[in-house]
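**Q** generate coordinates for the sequence data below:
(one chain, ligands or ions: 1)
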Amino acid sequence: MYKLLTHNDLDGVGCGILAKMAFGPDVRVRYNSIASLNREIEFFLENDSKETFLFITDLSPNEENESRLNEHYSEHGNIQLIDHHKSALHLDDYEWGYVAVEDIDGNLTSATSLFYEYLVSMNFLEASDAISEFVELVRQYDTWEWEKNENQKAHSLNSLFYLVSIDDFEETMIERLSTNAHFDFDEFEKRLLNMEEDKIERYIKRKKREIVQAKVRDYYAGIIYAESYHSEVGNELGKEYAHLDYIVILNMGGKRISYRTIHDHVDVSEIAGHYGGGGHQKASGSTITDEAYKHYVLDTFHLEPIQEDAKRNRYNVKNSTFGTLYKNRKDDTLFLYPQKENWVVEQNKKVVGQAFTNFEEAEIYVKRNFEAWLVKDDLFVEYLIKEVKNKN
Ligand SMILES: [Mn+2]
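**A** I've put the predicted structure just below:
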C-alpha cells in the first residue's frame, strides 16, 4: 500500500492525481492544509501498517515530526518527501527528503512537476503528452510563471480547480489525462471559466478600494480581508500599490494569513516564519497568531483605505517634467518635480525629505510617509494657476 499526504491546493492535488494514475487503488490520498499535515503524520506513524509507503508532497512536517519520520525511516525505509518550498530545503539533507526549488535548467519547480519526474523515473507512471501538458500548467500557475508567459490556460486551470470539489476535479482530470492525447478544457468549462475570470476581476476591483497600509516591523504592508483568490488579489494589489513591500491577506474565518510580494527585496517566507508559518520568497502563509492579530488586525482596523491614483489624467501624470501633484487625507499638497539631476518633494510648498535620484523613489517616499494619491487633472490645473498668480 501507498499513502500520500499532500497540500489541498492545485499543486498538491496535482500530486494526488498523479499518484492515483500511478498506483490506482493501491494508494490512499489525503489532502491537507499546512496546519493539518502534522496531525496526519502522527496518525500515520501511530496507526498505519509499517508496510505502507508514505509520500509527502508540497508540505513539510514540523521539527518534532521531522525527527519522528527520520526514526521511522531508519527502521522501515519507506518514506519519500518531495517539495519545492525554500522553507523546506533543510529536509533535502535526509535520505528520504527531496527538495528542489529550481530544476537543472534554472526553471522554478512545483511539487507536481517534481513528483511527476520521480514517478516516471521510478517506472511507476508512463509519461504522456497530456500529462506533461497538465503538469506544466500546474507548475506555471504555482510558480506564477503563467503571468510573465501570459499563459491564461494555467490560470484557468486553477480557477476550475476552485469551481468544483476536489473529488470532482480529481475524477475529471484522471479520466481526461488517461484518455486524451492532449490536455484541454471542454466547451462548457470554457464558458464557465470566462464568467469566472470576469468575477475575479470585479472582486479584485473591490479589494483595491478596501486595502489599508501600515508599517509593520521593518516593512510597509498593505492589509486586506479576503476569503478567496488570494494569489490574484495579492498580485494585483502588489502592482497597483508598488510602494508597499508586501500584501497581507487575512482570512478571518479560516484564521489564516497569506503573504504576497511582487518585489525581490522582501522575502515573505521570512515574514510568515516570524508568525510560525512558511512558504516561498514571493508567496507564503501562516496562522493568525496573537502577535499577527495585533500587528495586522488590532493595530490597523481603524485605518482608512488607501486612495487610488487618478487614472484618466492627461496633465497630472507621473514622471512629468512639469511636476506631479499628490494630496492626502489631511489635505496636504505634495508636489514632485525634477531639479537638475534630482527629484524634489514639496509638502505644502516646503521641501521635505532628501533629494531623490528618480521619480519612482520620490513617489514611494510620498506614498509611504503621507499616504498621498495622484489627484485629478482639475485640481492640478487649479494648483498651477494659483502658483502663477502668486508669482505675479
Ligand atoms: Mn506548491
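**Q** so Val345, which state does it fall into?
**A** strand (DSSP: H, G, I helix; E, B strand; the rest coil).
**Q** now swap in Cys15 and tell me
**A** helix.
**Q** tell me what the closest residue to it other than its chain neighbours is bridged to.
**A** The spatially closest residue to Cys15, leaving aside those adjacent along the chain, is Thr57, at 4.2 Å (C-beta to C-beta, 6 or more residues apart in numbering). For the C-beta atoms, the positions are set from N, CA and C on the backbone; glycine is no exception. Under the criterion DSSP bridges, Thr57 forms beta bridges with Thr6, Ile82.
**Q** doesn't Thr6 make contact with Thr57?
**A** Yes - between Thr57 and Thr6 there is a contact at 4.5 Å, judged by C-beta atoms under 8 Å.
**Q** overlap in contacts of these two?
**A** 12, 15, 111 (C-beta atoms under 8 Å, 6 or more residues apart in numbering).
**Q** out of those residues, which comes closest to the ion?
**A** Ala111 (4.6 Å; C-beta to the ion).
**Q** do you know how far the closest residue to the closest one other than its chain neighbours is from the ion?
**A** Among residues not flanking Ala111 along the chain, Asp58 sits closest, at 3.5 Å (C-beta to C-beta, 6+ apart). The gap separating Asp58 from the ion is 4 Å, by C-beta to the ion, to the nearest Å.
**Q** now Asp58. Its backbone dihedrals?
**A** Dihedral angles of Asp58 (phi, psi; degrees, to the nearest 10) stand at phi 70, psi 10.
**Q** so which of the shared contacts of Thr57 and Thr6 wins on neighbours?
**A** Cys15 (32 neighbours; other C-beta atoms under 10 Å).
**Q** residue contacts, Arg191?
**A** Contacts of Arg191 by C-beta under 8 Å, 6+ apart: none found.
**Q** now do the SS call for it.
**A** Quick answer, by three-state DSSP: Arg191 is helix.
**Q** before we move on, the earlier item: now the shared contacts of Thr57 and Thr6 in a markdown table, with pLDDT?
**A** Compiled in a markdown table, the shared contacts of Thr57 and Thr6 are given as follows (pLDDT from 0 to 100):
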| residue | pLDDT |
| --- | --- |
| Gly12 | 98 |
| Cys15 | 98 |
| Ala111 | 98 |
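**Q** those also near the ion: which ones?
**A** Ala111 (C-beta under 5 Å from the ion).
**Q** residues from the stretch 51-200 of the chain in reach of the ion?
**A** So the stretch 51-200 of the chain meets the ion at 58, 111, 142 (C-beta under 5 Å from the ion).
**Q** wait, is the last one part of a helix?
**A** Same thing as Asp142. Yes - remark: Asp142 belongs to a helix, assigned using three-state DSSP.
**Q** need the contact list for Tyr31.
**A** 6-8, 12-13, 16, 166.
**Q** give me the contact status of the helix or strand where it lies with the ion.
**A** Using DSSP states H and E, Tyr31 sits in strand 27-32. No - judged by C-beta under 5 Å from the ion, strand 27-32 stays clear of the ion, getting no closer than 12.6 Å.
**Q** mind listing what's buried in that strand?
**A** 27, 29, 31-32 (16 or more other C-beta atoms under 10 Å).
**Q** how close does the residue nearest to Cys15 get to Gly222?
**A** Taking C-beta to C-beta, to the nearest Å as the measure, Thr57 falls 31 Å from Gly222.
**Q** ditto for Ile82
**A** For Ile82, the distance to Gly222 - C-beta to C-beta - is 33 Å.
**Q** who has more neighbours out of the two?
**A** Ile82 (27 against 24).
**Q** is the helix or strand of the chain with the lowest mean pLDDT up against the ion anywhere?
**A** Ranked by mean pLDDT, DSSP states H and E, the weakest helix or strand in the chain is strand 278-279, scoring a mean of 83. No - under the criterion of C-beta under 5 Å from the ion, the ion is not reached by strand 278-279; the shortest gap measures 9.0 Å.
**Q** how long is stretch 261-281 from one end to the other?
**A** With C-alpha to C-alpha, to the nearest Å applied, stretch 261-281 spans 8 Å between its terminal residues.
**Q** flag every buried residue along it.
**A** Quick answer for stretch 261-281 (16+ other C-beta under 10 Å): 261-262, 266-269, 271-273, 275, 277-281.
**Q** what do you get for stretch 330-342?
**A** Buried residues in stretch 330-342 (16+ other C-beta under 10 Å): 333-338.
**Q** what mean pLDDT would you report for that stretch?
**A** Averaging pLDDT along stretch 330-342 gives 95.
**Q** what do you get for stretch 208-215?
**A** On average, stretch 208-215 scores 97.
**Q** which residues touch Val351?
**A** Neighbour list for Val351: 344-345 [criterion: C-beta under 8 Å, 6+ apart].
**Q** sheet partners, orientation included, of the strand or helix carrying it?
**A** Taking DSSP H and E as the definition, one finds Val351 inside strand 350-356. In its sheet, strand 350-356 lies beside strand 342-347 (antiparallel), with partners assigned from DSSP bridges.
**Q** residues of the strand it pairs with that come out buried?
**A** Quick answer for strand 342-347 (16+ other C-beta under 10 Å): 343-347.
**Q** and the residue of the chain that's closest to the ion?
**A** Asp11 (3.3 Å).
**Q** count the neighbours of that residue for me.
**A** With other C-beta under 10 Å as criterion, Asp11 counts 25.
**Q** helix or strand for it, which one?
**A** If you go by DSSP H and E, Asp11 is part of helix 10-23.
**Q** now that helix, how far from the centre of its chain.
**A** Mean-position distance between helix 10-23 and its chain equals 22 Å (C-alpha atoms, centre = their mean, to the nearest Å).
**Q** render the CA-only coordinates of that helix in CSV, please.
**A** C-alpha atoms of helix 10-23 as CSV (Å, rounded to 0.1, in the frame of the first residue of the first chain):
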residue,chain,number,x,y,z
LEU,A,10,-3.8,22.9,-7.2
ASP,A,11,-0.2,21.8,-6.9
GLY,A,12,-0.9,19.5,-4.0
VAL,A,13,-3.9,17.9,-5.7
GLY,A,14,-1.9,17.6,-9.0
CYS,A,15,0.3,15.2,-6.9
GLY,A,16,-2.8,13.3,-5.8
ILE,A,17,-4.0,12.9,-9.4
LEU,A,18,-0.6,11.6,-10.5
ALA,A,19,-0.4,9.2,-7.5
LYS,A,20,-3.8,7.8,-8.4
MET,A,21,-2.8,7.4,-12.0
ALA,A,22,0.4,5.6,-11.0
PHE,A,23,-0.9,3.4,-8.1
